[in-house]
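**Q** From the sequence below, what's the structure:
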Amino acid sequence: MVAGLHFTKMQGIGNDYVYVNGFEERVDNPGELAKRISDRHFGVGSDGLVLILPSGVADLRMRMFNADGSEAEMCGNATRCVGKYARDHGIVNKDVIRLETAAGIKIIRLLFEAGEVCGATVDMGEPVLAPDRIPVLVAPALTEGEDPQRFIARPVEVGGRTYAITAVSMGNPHAVVFMDNIDDLDLPKLGPKFEHHPIFPKRTNTEFVEVVSSDKIRMRVWERGAGETLACGTGACAAAVASVLNGHTGRSLDVELKGGVLHIDWDKSDGHVYMTGGAVTVFDGVYVI
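**A** Residues are numbered from 1 along each chain as shown. Next up is the predicted model:
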């Protein structure tokens, strides 16, 4: 048998990560491993690395590293896959799982088809709208009508053009921009200009959103530390919240991404955002370090 690191590749509507069972495997330098294992030519190929670990306050703990080696607070699509992995591999024997993340504890309600876990609904918690907690820097002088407690449709110059940005945190920072013809965007050129814009001290994920109807939007996403990905769960949640705040949609809507569709509900009664989508195991393997 080849000695190395046992892993499972999983994807949630195309947002693919390499998952490592930290109950059985040891990873000493996860940031460096994430860069190597995520490489789509010389590694396994993924949007990043997810470690599934013991927790002292929940059923499990998740650490998530982007393809560039940076650690992220949270990944929505990964939470669903972690729930499936934990149930499939006998780490937990529950239909409702409490998952510790750097953005707090998330509640995963597993969905089943023919007795197998096929996805989950995740309680993503309340969106953070206060600029200093996202974080996004506010200009010293606000224009007339701007709410200092929220960053909604504020004009920001990026790459020589002014965009109306709505900033939301779902445990990680997001900049949401509404526009037409998102398929025509040159995201490899435009995305980094948003990600590294000086108003985002911790960089940002960016969602470019096209409104289809009052209960559907389309989205492309540039993920901090990963580039354009087929999907982003926290980004879909942020885009849904921004759609409500800007009066484009109701609180229950479908978000169409390149990798598929997520259903998002922003519950008015508790203020929490609920994300529903699939979780798929792609393959298992051994990575020789």
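
**Q** V96 bridge partners, please.
**A** Applying DSSP bridges to V96 gives these bridge partners: R109.

**Q** Helices of the stretch 51-200 of the chain, start to end?
**A** 76-88, 187-195 (DSSP state H, counting those that start in this stretch).

**Q** Now D39, what are its backbone angles?
**A** The phi and psi values for D39, taken as degrees, to the nearest 10, are phi -60, psi 130.

**Q** what residues are up against the residue nearest to N93 when sequence neighbours are not counted?
**A** In space, and not counting its chain neighbours, N93 is closest to R87: 7.4 Å by Cβ to Cβ, 6 or more residues apart in numbering. C-beta coordinates here come from the backbone N, C-alpha and C atoms, glycine included. Shown in contact with R87 (Cβ atoms under 8 Å, 6 or more residues apart in numbering): 93-94, 97, 110, 117.

**Q** R87 and G12, how far apart?
**A** As judged by Cβ to Cβ, to the nearest Å, R87 and G12 stand 15 Å apart.

**Q** repeat for I199
**A** Taking Cβ to Cβ as the measure, I199 and G12 are separated by 30 Å.

**Q** More neighbours: these two, which one.
**A** Comparing I199 with G12 by other Cβ atoms under 10 Å, the one with more neighbours is G12, at 30 against 19.

**Q** tally of neighbours for the closest residue to the more buried one other than its chain neighbours?
**A** Spatial nearest neighbour of G12, chain neighbours left out: N77 (3.3 Å); criterion: Cβ to Cβ, 6+ apart. Using other Cβ under 10 Å, N77 has 33 other residues around it.

**Q** Just confirm N77 contacts A226, I think it does.
**A** No - using Cβ atoms under 8 Å, N77 is not in contact with A226, being 11.7 Å away.

**Q** Pick out whichever of the contacts of R87 sits closest to N205.
**A** Comparing the contacts of R87 against N205 with Cβ to Cβ places I97 closest, at 24.6 Å.

**Q** quick one, what contacts that closest one?
**A** I97 neighbours (Cβ under 8 Å, 6+ apart): 59-60, 83, 86-87, 107-108, 110.

**Q** send the alpha carbons of stretch 116-127 over as CSV?
**A** Taking C-alpha atoms only, stretch 116-127 is exported to CSV below (Å, rounded to 0.1, in the frame of the first residue of the first chain):
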residue,chain,number,x,y,z
GLU,A,116,-28.1,8.3,1.1
VAL,A,117,-27.1,11.8,2.0
CYS,A,118,-27.6,13.9,-1.1
GLY,A,119,-27.3,17.4,0.4
ALA,A,120,-28.3,19.6,3.3
THR,A,121,-29.9,22.8,4.5
VAL,A,122,-27.5,24.9,6.5
ASP,A,123,-28.4,27.6,9.0
MET,A,124,-25.9,30.1,8.0
GLY,A,125,-26.8,32.5,10.8
GLU,A,126,-27.6,36.2,10.5
PRO,A,127,-25.9,38.3,7.8
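
**Q** and stretch 71-86, how far out from the chain's middle?
**A** Between the centre of stretch 71-86 and the centre of its chain there are 9 Å (Cα atoms, centre = their mean, to the nearest Å).

**Q** same check, this time on stretch 242-258
**A** 16 Å.

**Q** ok, the residue nearest to N93 to E210 distance?
**A** Relative to E210, and taking Cβ to Cβ, R87 is found at 35 Å.

**Q** can you pull the contacts of W266?
**A** By Cβ under 8 Å, 6+ apart, W266 lies in contact with 127, 240-241, 244, 251-252, 272-274.

**Q** May I ask which two of the residues you listed are separated the most?
**A** Among the contacts of W266, P127 and S252 lie farthest apart (Cβ to Cβ), at 15.1 Å.

**Q** Looking at the two, which one has more neighbours?
**A** Higher neighbour count among P127 and S252: P127, with 23 against 15, using other Cβ under 10 Å.

**Q** Tell me how many other residues crowd the residue nearest to that one when sequence neighbours are not counted.
**A** Setting aside the residues directly before and after it, P127 is nearest to V241 in space (Cβ to Cβ, 6+ apart), at 4.6 Å. As a burial measure, V241 scores 25 neighbours (other Cβ under 10 Å).

**Q** now do the one 5 residues further on
**A** Using other Cβ under 10 Å, the number of residues around N246 comes to 16.
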